[in-house]
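[1] This is a predicted model, with the sequence first.
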Amino acid sequence: MNEKAVLAALLIAVLLGSGCTSVQDTAQYEETTTGETGAVTSEETVITVWAWNIVADSLNTMIPEFNKEYPDIKVVVEQYPVNEVQDKMIHAITTGGEMPDVIAAEGTIAKQYIVMGGLLDITEKALPYYDDFVEYKWPEVSDNDRIYGLPWDAGPVGVFYRRDVFEREEIDPATIETWDDFIEVGKQITKDTDGDGEVDQYMITLSSKNDAVDLFEMLVQQQGGSFVNSNGEATLNNDISINALNLMKRMKDDGITVNLGYFTPEFYDELKRDNVAVYVQAVWFGGLIKSIAPDTTGLWGVFPMPAFEEGGARSSTNGGSNFAVTSQTEHPEESWKLIEFLTTKASSQLKMYKEHNTFPALKSTYTDELFEESEEFYGDQATRSMFVETQEKLPPNWIYSAEHTDIGHILDTEISTFLSGEKTAEEMLEDVEERVNVILAS
């Protein structure tokens with residue numbers, strides 16, 4: 001019996017035994033700070049949360065609402081850079097050091113916390129909500145048919161494009177249905193616009209570092225692939241990965257890419273300009289653009305990922321986070337109440353989405369009128385409903401393993417080697433899978 005079937009069986013048992021019904025209330029990374037609300041009284045229970053900037057902001061938005069329902073629970077939010085949250089948590093698990101009561105965990109890292117024993121098993125409490133969330137989020141917080149967290153925000157992928165560039169080049173984004181179409185349009189867009197003999201307008205960025213791994217991961221997932229399977233075995237050396245790599249190499253060799261790494265000062269500056277026409281990224285990227293380049297309102301649009309073949313899947317995911325109770329908490333019930341309030345109530349998820357652009361993983365939110373509203377920033381396009389539609393067609397096979405970060409580090413160097421022409425896709429993947437198998441066996 002697979003994990004989904006076991007969880008479904010557990011759900012039936014819990015519902016029959018308790019009479020519970022799921023809640024259907026339809027009503028990223030720099031500073032280190034601590035957020036507190038009011039003085040602690042002798043009757044209050046204090047729970048701490050470790051989070052990075054967007055999560056901390058969302059939590060601080062919701063704490064007053066949470067305290068209306070639970071006035072005797074004081075929530076203290078400790079904010080750190082996202083990598084520091086992860087490093088602190090892993091260090092605490094490894095050394096037996098102090099943990100928070102609640103941890104915000106990106107989908108890429110949550111399984112590692114679980115395997116290391118850092119998260120509390122909440123299966124019985126979580127199962128009544130199983131059908132309320134998008135299905136692909138549950139494997140991030142599950143292991144061996146047990147649940148250790150609740151999904152929060154999801155990361156469906158789209159193509160963010162500059163309307164001004166497309167209009168100047170007289171290109172209709174609706175004509176881009178496949179990656180072949182994408183490359184042909186890229187050849188039209190990539191050019192020297194000022195006549196100085198140097199190309200200064202490109203279709204897309206593709207650096208040799210992290211964003212190349214990001215793109216590779218999204219392309220593998222789009223085809224229904226994964227880096228590992230449910231048995232913990234490497235599944236990288238196959239036609240799916242070869243297709244993804246060769247597509248990236250075609251983009252580079254056809255000259256439509258610029259070597260501009262994500263999240264660098266140059267990258268942030270570029271978001272304010274029109275030298276790069278598109279960015280293939282998850283829904284959260286829109287919030288980044290709005291915060292970095294607010295003066296570009298109306299100059300952006302979004303269309304679905306191109307398919308590998310006509311009629312193929314046009315969806316993938318990247319990022320998204322969850323909330324979990326740590327195994328060291330002295331306040332498991334109060335901590336559960338917080339993550340339950342944040343994630344299972346449509347009103348909570350919608351408020352955080354409206355104010356902080358955290359795309360909800362809770363399906364009941366998608367019927368809210370917010371998802372049909374046009375957005376001025378995107379030229380009055382209703383992008384939210386597009387992301388819901390593409391997310392519904394997501395191939396279901398992706399798995400985040402506890403070793404995902406380490407696999408990413410291997411791919412980081414190997415993809416660079418491949419893109420430079422030092423190895424073929426087949427040679428690179430053979431080397432990668434050999435190294436990944438060593439990690440998986442350790």
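    Right, received. Where do you want to start? Numbers count the residues shown, from 1 in each chain.
[2] what about Pro439, neighbour count?
    One thing to correct before we go on: residue 439 is Ile, not Pro. If you count neighbours by other C-beta atoms under 10 Å, Ile439 ends up with 15. All C-beta spots, glycine's among them, are computed from the backbone N, C-alpha and C.
[3] Once you drop chain neighbours, what's closest to Arg179?
    Not quite, residue 179 is Trp, not Arg. In this structure, Trp179 finds its nearest non-sequential neighbour in Pro306, 4.7 Å apart by C-beta to C-beta, 6 or more residues apart in numbering.
[4] My guess is the one you found contacts Thr178. True?
    Yes: between Pro306 and Thr178 a contact is recorded at 5.2 Å, counting by C-beta atoms under 8 Å.
[5] From Arg273, how far out is the nearest residue to Tyr262 once chain neighbours are set aside?
    With C-beta to C-beta, 6+ apart as the criterion, Tyr262 has its nearest non-adjacent residue at 4.1 Å, and that residue is Asp211. Distance of Asp211 to Arg273, computed by C-beta to C-beta, to the nearest Å: 18 Å.
[6] Which one of these two is surrounded by more residues?
    Asp211 (21 against 12).
[7] Could you list the low-pLDDT ranges of the protein?
    Residues of the chain that meet the criterion pLDDT under 70 lie in 1-42, 209-210.
[8] Spell out the residue ranges of the strands in it.
    33-35, 45-51, 73-79, 102-106, 142-143, 146-147, 150-151, 157-162, 204-205, 257-258, 278-282, 300-303, 321-325 (DSSP state E).
[9] And for the residue nearest to Thr390 when sequence neighbours are not counted, the neighbour number?
    The shortest distance from Thr390 to any residue other than its chain neighbours is 4.0 Å, reached at Ser315 (C-beta to C-beta, 6+ apart). Neighbour count for Ser315, taken as other C-beta under 10 Å: 21.
[10] Verify the stated contact: Ser315 with Pro396.
    No: at 11.0 Å, Ser315 does not count as touching Pro396 under the criterion of C-beta under 8 Å.
[11] Write down the beta-bridge partners of the closest residue to Asn437 other than its chain neighbours, one by one.
    Nearest non-adjacent residue to Asn437, counting by C-beta to C-beta, 6+ apart: Ala234, 5.2 Å away. Beta-bridge partners recorded for Ala234 (DSSP bridges): Val228.
[12] which residues touch the residue nearest the centre of the chain?
    By C-alpha atoms, centre = their mean, the chain has its centre lying nearest to Gly319, at 1.3 Å. By C-beta atoms under 8 Å, 6 or more residues apart in numbering, the contact set of Gly319 is Glu106, Gly107, Thr108, Gly155, Ala282, Trp284.
[13] Excluding chain neighbours, what is closest to it?
    Gly155 (3.9 Å).
[14] Tell me which residues touch the one you found, please.
    Residues in contact with Gly155 (C-beta under 8 Å, 6+ apart) are Gly107, Ala282, Val283, Trp284, Thr317, Asn318, Gly319, Gly320, Phe359.
[15] Neighbours of Glu44, how many?
    Residues lying near Glu44 (other C-beta under 10 Å) number 14.
[16] Buried residues, stretch 140-160. List them.
    Going by neighbour count (16 or more other C-beta atoms under 10 Å), the buried part of stretch 140-160 is 140-143, 146-160.
[17] Let me fix that, I meant to ask about stretch 78-92.
    Glu78, Gln79, Tyr80, Val82, Val85, Gln86, Lys88, Met89, Ile90, Ala92.
[18] Please tell me how far the residue nearest to the centre of the chain sits from Val283.
    Taking C-beta to C-beta, one finds Gly319 at 9 Å from Val283.
[19] try Leu362
    Distance from Leu362 to Val283, by C-beta to C-beta: 14 Å.
[20] Could you break the chain into its assigned domains?
    3-10+19-155+319-367, 157-316+396-441 (automatic domain parsing).
[21] chain center to the first one: distance?
    In terms of C-alpha atoms, centre = their mean, to the nearest Å, the centre of domain 3-10+19-155+319-367 is set 15 Å apart from its chain centre.
[22] swap in the longest one?
    Centroid separation between domain 157-316+396-441 and its chain, computed with C-alpha atoms, centre = their mean, is 15 Å.
[23] Kindly check the end-to-end length of that domain for me.
    Length of domain 157-316+396-441, first residue to last, C-alpha to C-alpha, to the nearest Å: 32 Å.
[24] next one: stretch 220-238
    Where stretch 220-238 begins and where it ends lie 10 Å apart, using C-alpha to C-alpha.
[25] who's in contact with it?
    With C-beta under 8 Å, 6+ apart as the test, stretch 220-238 has contacts from 2-3, 217, 240-241, 243-244, 305, 308, 313-317, 394-399, 401, 403-404, 407, 426, 429-430, 432-433, 436-437, 440.
[26] how about 6 Å then?
    Residues outside stretch 220-238 that contact it (C-beta atoms under 6 Å, 6 or more residues apart in numbering) are 240-241, 244, 313, 316, 395, 397-399, 401, 407, 429-430, 432-433, 436-437, 440.
[27] Return a ChimeraX selection command for the buried portion of the residues you listed.
    Burial among these is assessed by 16+ other C-beta under 10 Å; the matching ChimeraX selection reads:
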select :240,241,244,313,316,395,397,398,399,401,407,429,432,433,436,440
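[28] residues near the closest residue to Leu338 other than its chain neighbours, how many?
    In space, and not counting its chain neighbours, Leu338 is closest to Val102: 5.9 Å by C-beta to C-beta, 6+ apart. Neighbourhood size, Val102 [other C-beta under 10 Å]: 28.
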